[in-house]
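**Student:** With the input below, show me the fold.
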Amino acid sequence: MGGILVFGGEADSPRVEPLPPVGEAPLAVEPGWVPPCRPLARTGRDGQPITRWQAGVYRRSGTVCPLSMLDRAAGPWTEPHDPAAIDPAEVPVRPGPAVYGGLLFPHFGHFLLESTNRLWWPLRHGFTGPILFQHTQPGQAVPAFIQRFFELLGLAGQVVVTNQPQAFAQIIVPERSMVIRRSIHRDFHLPFARAAAAERAEGVAIWRPPHPRSRPGVAAAARLSPRA
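**Tutor:** Numbering: from 1, shown residues only. Sure thing, here's the model as predicted:
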């Protein structure tokens, strides 16, 4: 049984919650559109510049599926595209389902915590179709460590980075298994446990240093068993 320990920073310990039971139907957008991610320059509460993104899964009407947005404890971190920018007529709808994987962060820590937080669903259900990611730096290559991680999970051939708009008859939007400084769901460890099993390792240890503006300490650490 894998264990997860999260501590440090200025926030209280996130709560641990169960995900929807295996077999329960997830939210699906039928048909659904996933455009490329668009970085946005914003100003944080402390007056410092920050980056947010226009991202998510969209309906035929151009409205966003709220569950596809990225949240952190401080609030929403993605914004919807202008509905007028979503033109279903420009993108042919491909048959069959796809899964929305979320934002693909080339940053090591954010990849571990946020780019993996929807992968529990395709792994639990043995999904073999496309898994759609929106790169936070559009047009940039996917880092080698991310490619290797997907290889260990057996998903490398399924991952699609949406450098161009993608449309499918059905896009499944799984619940997020981790929201930074808010919550961790019990299946957050599943991708890492699968990676450990693929490497025939006894477990995986993940350590993420704190944000420079946080108090000294470890922001996130986990020891994960491959038996999941």
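
**Student:** Okay, now the unreliable bits of the chain?
**Tutor:** Along the chain, segments meeting pLDDT under 70 span 1-25, 201-228.

**Student:** Helices of that one, residue ranges please.
**Tutor:** 108-110, 120-125, 144-153, 190-198 (DSSP state H).

**Student:** Of all the ones you listed, which one is nearest I180?
**Tutor:** helix 108-110 (8.5 Å; Cβ to Cβ). C-betas here are computed from N, CA, C, even on glycine.

**Student:** what comes up buried for the closest one?
**Tutor:** G109, H110 (16 or more other Cβ atoms under 10 Å).

**Student:** if I look at A28, how far off is F168?
**Tutor:** Applying Cβ to Cβ, to the nearest Å, the value for A28 to F168 is 10 Å.

**Student:** which of those two has more neighbours?
**Tutor:** A count of neighbours by other Cβ atoms under 10 Å puts F168 above the other of A28 and F168, at 27 against 19.

**Student:** what's near enough to touch that one?
**Tutor:** Contact criterion Cβ atoms under 8 Å, 6 or more residues apart in numbering gives P31, G32, V93, R94, P95, G96, P97, A98, P130 as the residues in contact with F168.

**Student:** how about 6 Å then?
**Tutor:** G32, R94, A98 (Cβ atoms under 6 Å, 6 or more residues apart in numbering).

**Student:** Also L119?
**Tutor:** If a contact means Cβ under 6 Å, 6+ apart, then L119 has P191 as its contacts.

**Student:** circling back to that earlier point, which one, of the helices of the chain, ends up nearest to L70?
**Tutor:** The closest of those to L70 is helix 108-110. By Cβ to Cβ, the value is 10.0 Å.

**Student:** So what's the gap between the closest one and the chain middle?
**Tutor:** 11 Å (Cα atoms, centre = their mean, to the nearest Å).

**Student:** With stretch 147-159 instead?
**Tutor:** Worked out by Cα atoms, centre = their mean, stretch 147-159 lies 14 Å from the chain centre.

**Student:** quick one: contacts of that stretch?
**Tutor:** Under Cβ under 6 Å, 6+ apart, the answer for stretch 147-159 is P130, I131, P191, R194, A195, A198.
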